[in-house]
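Peer 1: Need coordinates for the below:
(chains A and B)
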Amino acid sequence: MTSIAEERIDRLHTLARRAVADGDEERSREYVRLARRIAERNRCGLPRQFKRFTCDRCDVYLRPGRNARVRTQDGHVVVTCDCGTHERYPYRDGG
Amino acid sequence: MLTAETLPRHELVGLHVRVADSSDPTLVGCEGTVVSETTNTLLLSAGSRSVRVPKAVATFEFRLDAECSEDASEYVVVEGERLVARPARRTERTGDSRWQ
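Peer 2: Modelled structure (predicted):
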């Protein structure tokens, strides 16, 4: 059973995503920060997609093509935020 | 699940709300979508207008959407007094459900 904390994070994830699509990045930052705080207080962690598509420096939700660039390099994916921060995560061939 | 029981501990941002009662008569009847929450206030937005409503003096009527319940629109009335807490902190309280 998913806890209320996890459901809240899930909802905030959707809201942050939508806020960026509507061009309201400051609002998306607010949602991302709140979701992170909830995860921290309830010790439940964050979904992988949330971790990979939020900026570590400016907290904005990243939407490729809108405020983020996604490139694959040797063995890893690089997501670059508009603020200049790179986020890297590995991929496996055929994985 | 976002139900009447869990609503005071759940995410309020994104829900449609109407101010059912308030000690400030100008706030009664305000409605809109919650876009932001602070310890003491909710920021409602309806179209181009947005209103910051203090939680402590108001009674709110939240609308639960169809995706959250069987009924197409279920309304939950919550005293604002019970929502006064930092947004992340509300989830942690348990066993105080006195929903109407």
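
Peer 1: Quick check: B:His16 touching B:Arg63?
Peer 2: Yes - in this structure, B:His16 sits in contact with B:Arg63. The criterion is Cβ atoms under 8 Å, and the distance is 4.3 Å. (Glycine included, C-beta is placed from N, CA and C.)

Peer 1: B:Leu7: what's its closest spatial neighbour, skipping adjacent residues?
Peer 2: B:Val76 (5.3 Å; Cβ to Cβ, 6 or more residues apart in numbering or on different chains).

Peer 1: Can you classify that neighbour by secondary structure?
Peer 2: Three-state assignment for B:Val76 (DSSP: H, G, I helix; E, B strand; the rest coil): strand.

Peer 1: For burial, what's the neighbour tally of it?
Peer 2: Number of residues near B:Val76 (other Cβ atoms under 10 Å in any protein chain shown) recorded here: 20.

Peer 1: what residues does chain A put near chain B?
Peer 2: Taking Cβ under 8 Å from any Cβ of the partner chain, the part of chain A that reaches chain B is made up of A:4-5, A:7-8, A:11-12, A:14-15, A:27, A:30-31, A:34, A:37-38, A:41-42.

Peer 1: 10 Å - rerun?
Peer 2: With Cβ under 10 Å from any Cβ of the partner chain as the criterion, chain A meets chain B at residues A:1-12, A:14-16, A:18-19, A:24, A:27, A:30-31, A:33-42.

Peer 1: Buried subset of those residues as a PyMOL selection?
Peer 2: A single PyMOL command selects the buried members of the residues of chain A next to chain B (16 or more other Cβ atoms under 10 Å in any protein chain shown):
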select buried, chain A and resi 4+5+6+7+8+9+11+12+15+16+18+19+27+30+31+33+34+35+36+38+39+42
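
Peer 1: ok, which stretches of chain B are strands?
Peer 2: Counting by DSSP state E, chain B has these strands, from start to end: B:16-22, B:31-37, B:41-46, B:49-54, B:58-64, B:74-79.

Peer 1: actually chain A, not the one I wrote
Peer 2: In chain A, the strands defined using DSSP E lie at A:68-73, A:76-81, A:86-90.

Peer 1: before we move on, back to that, wait, which of the strands of chain B is closest to A:Arg52?
Peer 2: strand B:31-37 (25.4 Å; Cβ to Cβ).

Peer 1: Can I get the closest one as PDB, trimmed to CA atoms?
Peer 2: Coordinates of the C-alpha atoms in strand B:31-37 are reproduced here as PDB (Å, rounded to 0.1, in the frame of the first residue of the first chain):
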ATOM      1  CA  GLU B  31     -13.500  29.700  -5.200                       C
ATOM      2  CA  GLY B  32     -10.700  28.400  -7.400                       C
ATOM      3  CA  THR B  33      -7.900  26.000  -7.700                       C
ATOM      4  CA  VAL B  34      -5.300  25.800  -4.900                       C
ATOM      5  CA  VAL B  35      -1.900  26.800  -6.500                       C
ATOM      6  CA  SER B  36       0.200  27.400  -3.400                       C
ATOM      7  CA  GLU B  37       0.200  26.600   0.300                       C
END
